[in-house]
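Asks: Sharing a sequence plus its predicted fold:
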Amino acid sequence: MALPVSSPRVRRILVVEDDEALRGVIVRHFRRRSFEVRDFADAESVMADIVATSPAACSPYDIVLADVHLPRLSGIELARLMQARWPTQQIVLVTGDRDEATARVALRRGVAGYLLKPFELFELDAAINPTLSRLELLEAARAIAKADADALQEEPALGGILPNAWLAIADDRSGAGAGHGDRVAQIAGALTVALSRSISTAERGAIDLASRAHEVGRLIDDVPEDIGTGMPSATQLMSEEPDRVGLAMRSARLLTNLGFPQAPIGFIRSSCERWDGAGGPDALIGPDIPLGSMVLAVADALDHAAVDLIPTAGIHQAMSKSIERVTALGGVAFDECVIRAVHETGSVIDAIWRQALVQSVAPLLDGAAHPISGRPRRNEAGVAR
């Protein structure tokens, strides 16, 4: 399946600044850069305009540039309100306050950038340009996810073989809860965009299938006995290999017996290999491990760790903490080039993950035992394998 290609469009920027002279300078500069710009002097006017004119599905602005110290409603509060409505909204805050506590509060809100006054126009561009790059990467990842979702809707089951109801049950049993496979696929999609020079379109499709199906070995007790030929019994499968390696093997064997495509099966089978050679089932080391398996392993670890961190870090910080935990294993458990891709796309992964989480499992977040599935959370070794 080819990656959807969209024509370049004019970026829309919202400027919220109560200093009229400075606001005028910023607006004129952005218009010279061919951006479409709207400007307001206060946050209340922004929210009133959004409520009156904007659909709930998507923000009318690609980037919001807002002063922290606005009359009445602050720029930080505006960021909170807009990201509550659109979790992936890109926001850059501007302030003359050099207090580190203010910056920490702003960054905890998930803002894309932070610019100190007074500033030169080249410094303004330096704050905006990385945000534009992140936005382009986010949109590419969304296009991939939409294309994959559209393809799945045209089929009765994943890969035309695996019933989607099975995937839902496997997600529920995974410890990461509803939507786990979809979140892993979206994270992996963002990573494959960053690794596009090393991963072909065909491999990207195989990674997507592997991401959605990698937990299916949890269903082994539910698989009818007459599916496939020579399929080992549930007892054999459950006892042969320990923990994550055993799950990967069960998933690979079940998918093989169902006639699933071989490329994603291979990625699943090797997804518990470690870069240092201490993994399984084949004790592969370093570059002998398929890149697709490493992408799957990292995406899976990121989602599991983030879900486990929700009770202590909250939804807005869970993925950033997960990224810190997983990237610390670069060169030990995971391929350094995939870890670099995580660093490059961290804000995109965070935005995609939060949006997918809100859409799929937000109603379950008040559960007592586990924030997603109601099951005991996996331990550190489970995340790192």
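Replies: Sure thing, it's come through.
Asks: quick one: the helices in the stretch 51-200 of the chain?
Replies: Under the criterion DSSP state H, counting those that start in this stretch, helices of the stretch 51-200 of the chain are mapped to 75-85, 100-108, 121-153, 164-173, 180-194.
Asks: and those helices, which one is worst for confidence?
Replies: Sorting those by mean pLDDT places helix 100-108 lowest, at a mean of 60.
Asks: in whatever helix or strand Ile339 lives in, what's buried?
Replies: Secondary structure assignment for Ile339, by DSSP states H and E: helix 336-344. Going by neighbour count (16 or more other CB atoms under 10 Å), the buried part of helix 336-344 is Val338, Ile339, Ala341, Val342, Glu344. In short, each C-beta sits where N, CA and C put it, glycine included.
Asks: list the contacts for the fourth one?
Replies: For Val342, the contact set (CB atoms under 8 Å, 6 or more residues apart in numbering) comprises Leu191, Val298, Leu302, Ile323, Val326, Thr327, Ile349.
Asks: neighbour-wise, which of those residues leads?
Replies: Neighbour counts for these, by other CB atoms under 10 Å, peak at Ile349, which reaches 31 neighbours.
Asks: returning to that earlier point: name the nearest of the contacts of Val342 relative to Arg28.
Replies: Closest approach to Arg28 among the contacts of Val342 (CB to CB): Ile349, at 34.9 Å.
Asks: quick one: the closest one and Ser322 touch, right?
Replies: No. Between Ile349 and Ser322 there is no contact under CB atoms under 8 Å: 9.2 Å.
Asks: What's the separation between the closest residue to Arg31 other than its chain neighbours and Lys117?
Replies: Nearest non-adjacent residue to Arg31, counting by CB to CB, 6 or more residues apart in numbering: Val37, 5.6 Å away. Separation of Val37 from Lys117 (CB to CB, to the nearest Å): 19 Å.
Asks: Then Ile207?
Replies: As for Ile207, its distance to Lys117 is 44 Å (criterion: CB to CB).
Asks: okay, those two: which has more neighbours?
Replies: A side-by-side neighbour count of Ile207 and Lys117, using other CB under 10 Å, places Ile207 first with 28 against 16.
Asks: between the contacts of Val342, which is nearest Gly179?
Replies: Nearest to Gly179 out of these is Leu302 (CB to CB; 14.0 Å).
Asks: list the helices and strands the strand or helix carrying the closest one packs on?
Replies: Element membership of Leu302, judged by DSSP H and E, is helix 291-313. The helices and strands touching helix 291-313, judged by 3 or more CB pairs under 8 Å, 6 or more residues apart in numbering; DSSP states H and E, are helix 180-194, helix 201-213, helix 262-269, helix 315-327, helix 336-344, helix 346-361, helix 380-384.
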